[in-house]
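K.L.:
Make a model of this:
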Amino acid sequence: MDETHFTPPIGIATINRNFLLSNYGSLMQHYALRQVLKQLGYAPFRMDTTSRFTEERTRLYLRLKRRFCYLLHQIGIRPYTPEGARFVQSILFREKSFRRFYIDNIAPIIEKQAANCKKYLAGSDQIWTECDSDAFLTSIQKSDAQKIAYAVSADWQLCGDDPRWLSEAGAALSSFRHISLREKLGCEICKKLLPDMDITQTLDPVLLLTRDDYSMLVSELPVFRKKTLFCYLLNIQSTEALPVAQLAKLASKWDMQLRICGIQGAELFIPEKYQLLLSPEDFIKCFRDAVFVITNSFHGCLFALLFQCPFLCLKQEPRKTGNQNLRQQELLEWLNLEDRHISRDNLDGMTDVLRRNLDWQSINEKISMRRIQSFQWLTKSLGESS
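P.N.:
Here you go, the predicted structure:
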């Protein structure tokens with residue numbers, strides 16, 4: 001083998017495949033990280049381990065069950081409501097379109113760990129909330145393994161209050177050469193665990209690519225034929241928690257159509273006339289083509305920023321499993337956009353804020369500066385781990 005043409009492999013521990021094939025933000029952060037690593041001269045692959053066989057088998061069972069129930073519904077046997085049928089239909093649509101996007105733009109779904117791999121990257125998304133050996137790379141037992149974390153996230157409030165997490169994380173992270181995290185609170189918590197390590201805050205991989213990079217993935221054909229208020233919502237657990245009437249009122253006031261894309265439970269409560277089933281490519285185009293965006297998603301905010309689309313960020317409902325709003329809050333405070341982080345009860349009074357001109361030059365300069373710093377950190381950390 002000609003060593004001058006050898007492309008070193010790098011294994012990526014990321015969020016599980018169930019999210020990669022159903023959550024737009026999870027998919028796009030992985031896509032972006034892979035693209036950056038390729039630019040830096042590596043051959044990235046997503047690590048799969050045999051310990052996930054049970055998880056894969058369970059997911060296969062659930063997939064078959066959903067398909068069976070949907071077929072029953074189609075022939076007139078209704079084990080659940082029409083809304084439930086649309087929920088299942090949306091899951092099946094996303095699974096198919098996400099799988100196609102993954103294969104076409106990232107890699108085959110089934111990836112084998114490279115035998116000669118020495119570099120391993122934990123990153124990104126919320127992979128450290130659980131004390132998972134794969135996410136912490138403790139399952140990598142090679143003596144010459146070089147471990148790096150890039151823009152890792154977690155539910156830091158939950159983790160910081162959990163003695164078990166603090167103990168296990170402290171032991172696991174001591175084997176890392178370099179660590180960068182996505183949120184400031186994560187840096188503070190991990191610095192207390194590892195006071196001698198230089199822990200840095202870096203950008204979510206989605207922001208490492210530019211608007212032009214994402215535009216290359218999609219056609220120029222518009223996704224909307226009319227002026228549109230586009231909403232991207234997730235983690236909604238009831239009809240009452242989805243402010244459809246308020247959103248429709250805003251759209252009507254501006255003589256626009258309302259279109260809503262929902263995942264992780266939100267799709268169950270979206271009226272059919274507003275609901276969108278989006279491929280990953282059309283998801284990107286929605287931010288490109290919408291007049292306004294309203295979202296409660298961190299990555300929804302990132303794509304609105306990338307495509308310079310005026311937006312509001314709705315606060316998610318409190319959950320016992322953790323706070324889903326801290327990452328959005330930190331992002332918007334960094335960009336001096338705190339007034340765009342609102343509760344749904346305040347949505348009616350936000351017309352002027354949503355239509356207010358944003359200082360896109362200032363926003364882009366801040367993102368560009370941190371993008372450069374993040375690239376430099378990643379390049380240096382990978383190089384020093386050689």
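K.L.:
Going by C-alpha atoms from here, please, whenever you check contacts or count neighbours.
P.N.:
Noted.
K.L.:
Residue 301: what's it in contact with?
P.N.:
Contacts for residue 301 (C-alpha atoms under 8 Å, 6 or more residues apart in numbering) come out as 295, 311, 313, 328.
K.L.:
Please identify which helix or strand holds it.
P.N.:
For residue 301, the host element (DSSP states H and E) is helix 298-306.
K.L.:
what about that helix, distance to the chain center?
P.N.:
Here the centre of mass of C-alpha atoms in helix 298-306, compared against the chain's by C-alpha atoms, centre = their mean, to the nearest Å, lies 10 Å away.
K.L.:
CA-only coordinates of that helix in PDB, if you can.
P.N.:
Provided in PDB are the C-alpha atoms of helix 298-306 (Å, rounded to 0.1, in the frame of the first residue of the first chain):
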ATOM      1  CA  PHE A 298     -32.300  24.200  18.600                       C
ATOM      2  CA  HIS A 299     -31.400  23.000  15.200                       C
ATOM      3  CA  GLY A 300     -34.400  24.700  13.800                       C
ATOM      4  CA  CYS A 301     -32.900  28.000  15.100                       C
ATOM      5  CA  LEU A 302     -29.600  27.100  13.500                       C
ATOM      6  CA  PHE A 303     -31.100  26.600  10.000                       C
ATOM      7  CA  ALA A 304     -33.100  29.800  10.300                       C
ATOM      8  CA  LEU A 305     -29.900  31.600  11.100                       C
ATOM      9  CA  LEU A 306     -28.000  30.000   8.300                       C
END
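K.L.:
after that helix comes which helix or strand?
P.N.:
Once helix 298-306 ends, the next helix or strand along the chain (criterion: DSSP H and E) is strand 311-314.
K.L.:
Reformat the contacts of residue 301 into CSV and put neighbour count and distance to residue 41 next to each item.
P.N.:
Formatted as CSV, the contacts of residue 301 follow (neighbours: other C-alpha atoms under 10 Å; distance: C-alpha to C-alpha, whole Å):
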residue, neighbour count, distance to residue 41
295, 24, 35
311, 26, 36
313, 29, 36
328, 23, 32
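K.L.:
Farthest-apart pair in those, please.
P.N.:
Largest separation among the contacts of residue 301 by C-alpha to C-alpha: 311 and 328, giving 12.6 Å.
K.L.:
can you give me the helices for the stretch 201-350 of the chain?
P.N.:
Here the stretch 201-350 of the chain has its helices, by DSSP state H, counting those that start in this stretch, at 211-215, 244-253, 280-289, 298-306, 326-334.
K.L.:
what do you get for the stretch 51-200 of the chain?
P.N.:
Secondary structure of the stretch 51-200 of the chain, counting by DSSP H, counting those that start in this stretch: helices at 53-74, 82-105, 156-160, 163-173, 184-193.
K.L.:
quick one: low-confidence parts of the stretch 101-250 of the chain?
P.N.:
For the stretch 101-250 of the chain, the stretches with pLDDT under 70 are 113.
K.L.:
Just the residues contacting stretch 240-251, thanks.
P.N.:
Contact partners of stretch 240-251, identified using C-alpha under 8 Å, 6+ apart, comprise 228-229, 236, 257-258, 266, 269-270, 317, 344, 347-348, 351.
K.L.:
Residue 20: what's its closest spatial neighbour, skipping adjacent residues?
P.N.:
The shortest distance from residue 20 to any non-neighbouring residue, by C-alpha to C-alpha, 6 or more residues apart in numbering, is to residue 27 (4.6 Å).
K.L.:
now the angle from the helix or strand encompassing that neighbour to helix 280-289?
P.N.:
If you go by DSSP H and E, residue 27 is part of helix 24-39. Orientation of helix 24-39 against helix 280-289 (axes from the mean of the first three to the mean of the last three C-alpha atoms, to 10 degrees) gives an angle of 100 degrees.
K.L.:
mean confidence for the next helix or strand after helix 24-39?
P.N.:
As assigned by DSSP H and E, the chain's next helix or strand after helix 24-39 is strand 43-46. For strand 43-46, mean pLDDT rounds to 94.
K.L.:
Name every strand pairing with strand 43-46 and say which way it goes.
P.N.:
Strand pairing for strand 43-46, using DSSP bridges, gives strand 9-13 (parallel).
K.L.:
What are the contacting residues of the partner strand?
P.N.:
Residues from elsewhere that reach strand 9-13 (C-alpha under 8 Å, 6+ apart): 42-47, 113-114, 116-124, 134-135, 137.
K.L.:
For stretch 265-275, buried residues please.
P.N.:
Of the residues in stretch 265-275, 266-270, 275 count as buried by neighbour count, 16 or more other C-alpha atoms under 10 Å.
K.L.:
nearest to residue 93, of those?
P.N.:
Set against residue 93, the nearest of these by C-alpha to C-alpha is residue 267 (12.2 Å).
K.L.:
Now that that closest one has come up, it's in contact with residue 91, right?
P.N.:
No - with contact defined as C-alpha atoms under 8 Å, residue 267 does not count as touching residue 91 (9.1 Å).
K.L.:
Need the mean per-residue confidence for the helix holding residue 27.
P.N.:
Average pLDDT, helix 24-39: 97.
K.L.:
Check which helices and strands that helix sits against.
P.N.:
helix 17-20, strand 43-46 (3 or more C-alpha pairs under 8 Å, 6 or more residues apart in numbering; DSSP states H and E).
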